[in-house]
Structure formats: structure tokens, C-alpha cells
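[1] using only what follows, build the 3D model:
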Amino acid sequence: MTSTFSGFSISLRALMSQKLMLDIAAHNVANASTPGFTRQRGVLETTPPLPYPSISSSNLVGQIGTGVDVVRVERLRNEFLDVQRRKEIHTRGQWAIKRDTLEQIEVIFLEPTDTGLSSLLNEFWSSWQELSKNPESLAVRTTVKETAAALADAIRHTYQQLKDLSDDIDNMIKINVRNINSLATQIDRLNKQIKAAKGAGFEPNDLYDQRDKLVDELAELIDFKYKVNDDGTMDIYLYNEKDESYSARLVDGIEGHTNTLKTADYTSGKTVILWDSYISAEPSGSTPAAGDVLGVSDDTDKRAISDGKLKGLFDARDVLLKGYMETLNSFALGLINVINEYHKNGYDLNGNAGGEFFSGTGATDITISDNIESDVSRIAAALYSETIPGDGSNALRIAELQSTRLFYDSSAGELRLPGGGEMGNTSFEDFYNNLISSLGVATNESQRMLENQEALVDQLNNLKENISGVSIDEEVAYMLQYLRAYQAAARFMTAMDEILDTLINRTAV
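    Numbering: from 1, shown residues only. Here you go, the predicted model:
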């Protein structure tokens, strides 16, 4: 009788276990296309047999098994692979921003095209060449003025477009900081739900998946390290330069809160990121470096952003765009100063000494001087006053500046004429061509690095999918296996029912 009831209990436990295994397989199939879902698998374990060894144990031949239980439902996931994948996602995000920024800079410069600065420069030098041949022609002088005005307009417009792009990136930094805070808040909320579920004895696999998906999104934006605690919560750390380790908690899983990042506009007009708990006043000393996250109460307490889209945005704004804007400004400043110096040494059509041809202090405000704008006869084409009107030798000297070797004074950020018979190291033409060439090389390099990084991330994602992804064919095979086991257990229960019926209802007293 006892063994009969034991067999009934075993069959009932087997039915419940196989039903749960079928539910798990059905859950996998239902989420086969759900982004971030991790395949789950029930772990079956033999329950303790009867009787237990003891002095009063029965004299049965052997221990009788009591069936099977699903002891846990686990996610099929490789944690080490997750760490690798997120590290490469950081780097991919940074290269993606760099590539996109350089491509936008290429569009701004529009080289090589008929409307780019290079074409306008050639027209500018050619107009001076033509003026050297026809210095008395007002039509040719007008052409010089118009081509110079077009070149100045293009330089100002190009510089303004670069500045507008820099401002756009500055706004993107603020948007990305808000996204980081939003993701941190959502992770913190899931931490609390996971902790409550774990405390109640459950394994919240779907909540883990939701959190991992958010962590993957965060990995695109910023570099970090993380740790999963015993209660299932996750701590996320930023790098702290003060102690040279990842010790600054963005998400504190155990305590259940986040340390929000904030943005602030400094006197430089650039956005920097501040650690929320330290914000009280503007830091003293120099403007923060790109990518610093400052604790305002202590300027040495920095959280450095070294990877991810946010680092890419800082580099795009403070390195790439700043560099091209400074180079273009150096070119414009050199053009203003050198052309004016030559022009002042010549004479206009009325025999007067030449004044300024360009006015302005650089790429932001370069323009034709008012005197030239109002009267083209004031263009100093002649080198000697007594040879007017047929002298165009000064115009020829200016035309030859296209390839004249100049000095680039990096400390002052300008092109200038060599002195004392010294030969310079560049020319207007070479200086601008080098700028465009370096832009092309940098764009191609960023594209190559991004493609390599995307290939690496794709490979790691494929490895993750091989482990964590749901295969419909595999799940169907498991479902058939569990179904057969369920049917067998149900058939055993039917047999037990028949045995009990015979024993209770059909046995004569």
C-alpha cells in the first residue's frame, strides 16, 4: 500500500516537473524574436530517496526514489563573453562618433568640388594674375574684388558651419548625459525588483534580461565596470582618476540609488560633466579637460570618460572640430596679414600707396576692406608709382603668393612671411591642401577602424547568440521530449489509479 502511494506521488511530481519544463520551452519559443532575451533551461534534479539511512529504517532491498524536481530555471549566458562584448561596444561607439563627425566635416569643406575653397582660391590667384596683365582695367579689378569677396564669404561660412557642428555636438553631449542618467535610473529600478524577487526565493531571469539590455545600451554611451552582488543587484562604476580605479559608483545596487551626472556651461562656452553629489560651485583653476567628470568640492576628484559615444563626442568637439577650426583660422589670418603686407607696398591706379586689402582678425570676420569695396581703383596693382597705369608687377607678386614658401607659426597660429632671406616650410596652397588631405586620411582611418570594430562586435554577438539565442528547432525537440515524459508520467498515474481502485474497491473483505 505504501509503495503504491509512493508511486502515485512520484508520478504526480514527474507530471508537475515535465509541465514546468514544457512551460519553459514555450516561454523560449514565444520570445525567440525578443531583443535581449536569454534562452532559459530548467535544471532537473533527483529528489531524496526513501527510506533515509537510520537505525529504524525498513528492511527494503534498496532505497526507493521519490522522483524529480525542477530545482531552478537558469539563463544560458556567458558572463565573461558579456564583459568582452561590452568593452568592444564602448570602443565601437567612440569610433562611430568620430567617423560621423569627420564625414560631416568633409561635407562642410566640399572638396574636391567647384564650390569648395580650393576652387575659389584658384580663382582668387588667377584674378591677380590677370590683373598683372591688365592693371588699368576696371573690369579686371572688379573681378579681383568679387573673387576675393567670394573667397572671404566661403571662409566665414565654412568656419561658421564648423562652429555650428561643434554646438550641435555640445548639445548631443547634454542629450547623452540625460540618456545615461535615464538608463542608470532604469537599472536602479530593476535592481530593486530583482532584490525583492530574490528575497522571496524566485529567480527573476526576465528581469535580468531587461537589465542586461539596458547595460548594453549604456555600454554604447560610456565606459564602466560592473559587479553583480549576492542579492542579484548590480553596481556600475566609472573610472575615478583620484584613486586610479573604477570606484565611482554610477549605480549603487546594494544601497539602491544612483549618482546622477549633470552638465554645466563654463566660461569657455563648452559643456562639461559634473558628478551630481559634488555640485555646489564652478571649479576653480583652468577649464576642465575634455572628458573630465568633476567633483566640484575637490577639483582633483575626477571621473574620466575614456571610451564610448560620450568620449567620442568630447573628442569630436574638443579635438577634431577645434583642430580644423584653428587651422582654417590660421589660414584666414595668414591670408589677411600676408596679402595686406604686399598690398600696402604697392600703389593704386591713382598713384596712392595701397592700404589694407582684407580686413578682419581671422576666419570669423575676414572680408574685403571698405576702401576696396567702395572703389576698385584703390587696388594696388603697381609696384612703383611712376609706372602707373601700366604697372601690374605688385599684382604679379601677390599672384605668386599662391606657391610662395611661408612660415607657419604654431604658437601664434598663423602663416607669416619668412624674413631675412629665409625660406619657409609651406605655402597657402600646400597649407590648405594638407588640411584637406589630413581630413581625408583621418576619415578613411576612422571608417576602417569602425568597420573592424563592428566586425569584432558582430563576432562576439554571434558567439552570444550561439549560447543565449533561441533555436526554434531545438526547442521543438525539447518540447517533444518533455511531452513524451509527461505522457509517460500521466500513463503511470493511470496505472496507479487502477491499482488503487482494485485494492480499495475490488478486494474482498
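
[2] show me where the stretch 251-400 of the chain has its helices.
    Per DSSP state H, counting those that start in this stretch, the stretch 251-400 of the chain carries helices over the ranges 308-315, 322-344, 370-374, 393-399.

[3] how about those, which one is nearest Asn466?
    When those are ranked by proximity to Asn466, the top entry is helix 308-315, at 26.1 Å, counting by Cβ to Cβ. Yep, even glycine has a C-beta here, placed from its N, CA and C like the rest.

[4] helix 322-344 and that closest one, what's the angle between them?
    Inter-element angle recorded for helix 308-315 and helix 322-344: 20 degrees (by axes from the mean of the first three to the mean of the last three Cα atoms, to 10 degrees).

[5] quick one: list the elements packing against helix 308-315.
    For helix 308-315, the elements it packs on are helix 79-109, helix 138-199, helix 205-221, judged by 3 or more Cβ pairs under 8 Å, 6 or more residues apart in numbering; DSSP states H and E.

[6] among those, which is nearest Leu321?
    Closest among the helices and strands packed on helix 308-315, using Cβ to Cβ: helix 138-199, at 4.5 Å.

[7] now the most centrally placed residue in the chain. Nearest residue, chain neighbours left out?
    Within the chain, the residue whose C-alpha comes closest to the C-alpha centroid is Lys309; the distance, by Cα atoms, centre = their mean, is 1.7 Å. Counting by Cβ to Cβ, 6 or more residues apart in numbering, Lys309 lies nearest to Gly93, which is 3.9 Å off, once chain neighbours are set aside.

[8] lowest average confidence, helix or strand, in the chain?
    Least confident helix or strand of the chain, by mean pLDDT, DSSP states H and E, is strand 292-295 with a mean of 45.

[9] nearest to Ala363, of the helices and strands packed on helix 308-315?
    When the helices and strands packed on helix 308-315 are ranked by proximity to Ala363, the top entry is helix 138-199, at 3.8 Å, counting by Cβ to Cβ.

[10] centre of the chain to that closest one, how far?
    Between the mean C-alpha point of helix 138-199 and the mean C-alpha point of its chain there is a distance of 13 Å (Cα atoms, centre = their mean, to the nearest Å).

[11] what's the answer for stretch 210-228, then?
    Between the centre of stretch 210-228 and the centre of its host chain there is 13 Å, according to Cα atoms, centre = their mean.

[12] can I get that stretch in PDB, CA atoms only?
    Extracted as PDB, the C-alpha positions of stretch 210-228 are listed here (Å, rounded to 0.1, in the frame of the first residue of the first chain):
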ATOM      1  CA  GLN A 210      15.800  43.600 -19.100                       C
ATOM      2  CA  ARG A 211      18.700  44.900 -17.000                       C
ATOM      3  CA  ASP A 212      21.400  43.400 -19.300                       C
ATOM      4  CA  LYS A 213      19.700  45.000 -22.300                       C
ATOM      5  CA  LEU A 214      19.900  48.400 -20.500                       C
ATOM      6  CA  VAL A 215      23.600  47.700 -19.600                       C
ATOM      7  CA  ASP A 216      24.300  47.000 -23.300                       C
ATOM      8  CA  GLU A 217      22.700  50.400 -24.200                       C
ATOM      9  CA  LEU A 218      24.700  52.100 -21.500                       C
ATOM     10  CA  ALA A 219      27.900  50.500 -22.900                       C
ATOM     11  CA  GLU A 220      27.400  52.400 -26.200                       C
ATOM     12  CA  LEU A 221      27.500  55.700 -24.400                       C
ATOM     13  CA  ILE A 222      30.200  55.400 -21.700                       C
ATOM     14  CA  ASP A 223      32.900  53.100 -20.400                       C
ATOM     15  CA  PHE A 224      32.400  51.400 -17.000                       C
ATOM     16  CA  LYS A 225      32.900  48.300 -15.000                       C
ATOM     17  CA  TYR A 226      30.200  46.400 -13.100                       C
ATOM     18  CA  LYS A 227      29.700  43.800 -10.400                       C
ATOM     19  CA  VAL A 228      26.700  41.600  -9.600                       C
END
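
[13] just to revisit the earlier point, single out the most deeply packed of the helices of the stretch 251-400 of the chain.
    Mean neighbour counts were taken over the helices of the stretch 251-400 of the chain using mean count of other Cβ atoms under 10 Å, and the top value, a mean of 26, falls to helix 308-315.

[14] now it - C-alpha only, CSV.
    Presented in CSV, the C-alpha positions along helix 308-315 are these (Å, rounded to 0.1, in the frame of the first residue of the first chain):
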residue,chain,number,x,y,z
GLY,A,308,32.1,55.2,-25.7
LYS,A,309,30.0,57.7,-27.6
LEU,A,310,30.3,60.3,-24.9
LYS,A,311,34.1,60.2,-25.2
GLY,A,312,33.7,60.3,-29.0
LEU,A,313,31.6,63.4,-28.7
PHE,A,314,34.1,65.1,-26.4
ASP,A,315,36.9,64.3,-28.9
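
[15] how far away is the closest residue to Val376 other than its chain neighbours from Asp375?
    Distances taken as Cβ to Cβ, 6+ apart place Arg141 nearest to Val376, at 3.9 Å, with adjacent residues excluded. Separation of Arg141 from Asp375 (Cβ to Cβ, to the nearest Å): 9 Å.

[16] let me know which of the helices and strands packed on helix 308-315 is the nearest to Gly232.
    If we rank those by Cβ to Cβ, the stretch that ends up nearest is helix 138-199, at 4.3 Å.
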